[in-house]
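Visitor: I'd like to go over a predicted model; first the sequence, then the structure.
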Amino acid sequence: MAIEKVGVVGCGLMGSGIAQIAAAAGCQVTVREVNAVVLEQGLQSIDKNLQRLVDKGTLSAGDRDQIRGRLHGTTNLEDLKDCDLIIDAIIEQLAAKREVWTALDKICPKHTIFASNTSSLSITEMATFTQRPDRFLGLHFFNPVPVMKLIEVIRTIATDKKVEEDAVAFAHRVGKTPVRTTDRTGFIVNRLLVPFLLDAIRALEEGVGSIEDIDNSMKLGCGHPMGPLTLLDFVGNDTTYYIANIMFDEFKEKRFAPPPLLKRMVLMGWNGRKAGKGFYDYSDPAKPKPISLA
Ligand code: CAA
């Protein structure tokens, strides 16, 4: 099945990126937010991203206008009724996901594929909110969506093979490399990444090295684009804490247990770059300074 019309629920950091790349790939995209103010913020961030590409000379002004012309914002879920594929990128709360998927299941025709961008919730559980578990799967994108090349395509035990193939074709169409995986919390990337990030915090707690030295070790010693503590700030300490707890709950393995320091930083609201403070202080965003820990 050719996917031409795409719906995106949520126009935050991930949803706006997904909407942008789908429109850039030639799809008609309708993106839905809960109110006009949040929707406008999301669309403005897409405009800013597209303008940056025009300024760099990698996108013509004409192509930018065409991409923008394929992007439609709405606050009404009903406007997603004609979509071939709908991707949810809303808050990681099962109750909120249930509300959206139950409503969309009633609104959308039988052929519409439902996909969640969740990084930690069960795709299988979300599929049970609908009458189409065979047309439900996960499409997990990475931040920043326009830059990161990977999409995890997550099938459940009920996902139709053809639906998985359509999702893989869609991933190629939006210029990404798909990897196939099954519905186990964390999928492939977070199963490997989360214990690594948590271990970096444990190393800091145990005095193995300073914030900068731990980051530089992985950047310069292993060629990672960001050190683990910088990446934690980038992803959001609250987000990693939330994912780690869900993974620990699922597997009951120590490597997924959030270290005490992470919990205390989240309690303080030191959630990373978006909060202005995490393992680094972002008072001057161009020159983050490592925080001192008592
Ligand atoms: N949106 C769009 N483009 C962006 C961007 C954004 N938010 N941030 C950076 N870019 C673009 C820049 O414009 C630049 O493009 P050109 O090469 O065409 O000029 C390119 O990305 C590189 O950016 P910079 O030179 O400014 O900075 P950098 O070289 O340090 O790269 C980075 C920035 C791409 C974020 C890089 O540091 C990186 O890859 N970091 C790791 C990110 C990562 O691991 N993400 C996954 C997080 S885990 C996750 O998302 C899943 C989960 O479930 C938690």
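Guide: Thanks, I have it. Numbering: from 1, shown residues only.

Visitor: you'd agree residue 173 is up against residue 4?
Guide: No - counting by Cβ atoms under 8 Å, no contact exists between residue 173 and residue 4, whose distance comes to 10.1 Å. In short, each C-beta sits where N, CA and C put it, glycine included.

Visitor: So those two - more neighbours on which side?
Guide: Higher neighbour count among residue 173 and residue 4: residue 173, with 15 against 12, using other Cβ atoms under 10 Å.

Visitor: Residue numbers of the chain in contact with the ligand?
Guide: Taking Cβ under 6 Å from any ligand atom as the contact definition, the chain meets the ligand at 49, 52, 56, 119, 142-144, 146-148, 190, 225-226, 231, 235, 239.

Visitor: what about 8 Å?
Guide: Within the chain, the positions near the ligand by Cβ under 8 Å from any ligand atom are 14, 17, 49, 52-53, 56, 58, 119-120, 140-148, 189-190, 193, 224-226, 231, 234-235, 239-240, 243.

Visitor: and these, which are buried?
Guide: By neighbour count, with 16 or more other Cβ atoms under 10 Å, these hold 14, 17, 49, 53, 119-120, 140-142, 145-146, 189-190, 193, 231, 235, 239-240, 243 as buried.

Visitor: just how off-centre is stretch 225-235 within its chain?
Guide: For stretch 225-235, the separation from the chain centroid amounts to 15 Å (computed by Cα atoms, centre = their mean, to the nearest Å).

Visitor: Make 54 the starting number, not 1.
Guide: That works, and once the first residue is 54, the last one we named lands at stretch 278-288.

Visitor: Average pLDDT for it, rounded please.
Guide: Averaging pLDDT along stretch 278-288 gives 98.

Visitor: ok, and what's touching it?
Guide: Under the contact criterion Cβ atoms under 8 Å, 6 or more residues apart in numbering, stretch 278-288 has outside partners 196, 249-250, 252-254, 257, 264, 267-272, 277, 293, 325-326, 331-333, 335, 341.

Visitor: List only buried entries from those residues.
Guide: Listed as buried from the contacts of stretch 278-288 are 250, 253-254, 257, 264, 267-268, 270-271, 293, 325-326, 331-333, 335, 341; burial here means 16+ other Cβ under 10 Å.

Visitor: I'd like to know which of the residues you listed are part of strands.
Guide: For these, the ones inside strands are residue 333, with DSSP state E as the criterion.

Visitor: Would you mind measuring from whatever residue of the stretch 204-347 of the chain ends up closest to the ligand to residue 312?
Guide: Residue nearest to the ligand within the stretch 204-347 of the chain (Cβ to the nearest ligand atom): residue 278, separated by 3.7 Å. To residue 312, residue 278 is 23 Å away according to Cβ to Cβ, to the nearest Å.

Visitor: which stretches of the stretch 204-347 of the chain form strands?
Guide: Remark: strands assigned in the stretch 204-347 of the chain by DSSP state E, counting those that start in this stretch are 230-235, 333-334, 342-343.

Visitor: Let's see the pLDDT reported for residue 257.
Guide: pLDDT, read off for residue 257, is 98.

Visitor: Identify the residue nearest it in space, chain neighbours excluded?
Guide: The spatial neighbour of residue 257 that comes closest, neighbours along the chain excluded (Cβ to Cβ, 6 or more residues apart in numbering), is residue 267 at 6.0 Å.

Visitor: how far away is that neighbour from residue 239?
Guide: As judged by Cβ to Cβ, residue 267 and residue 239 stand 22 Å apart.
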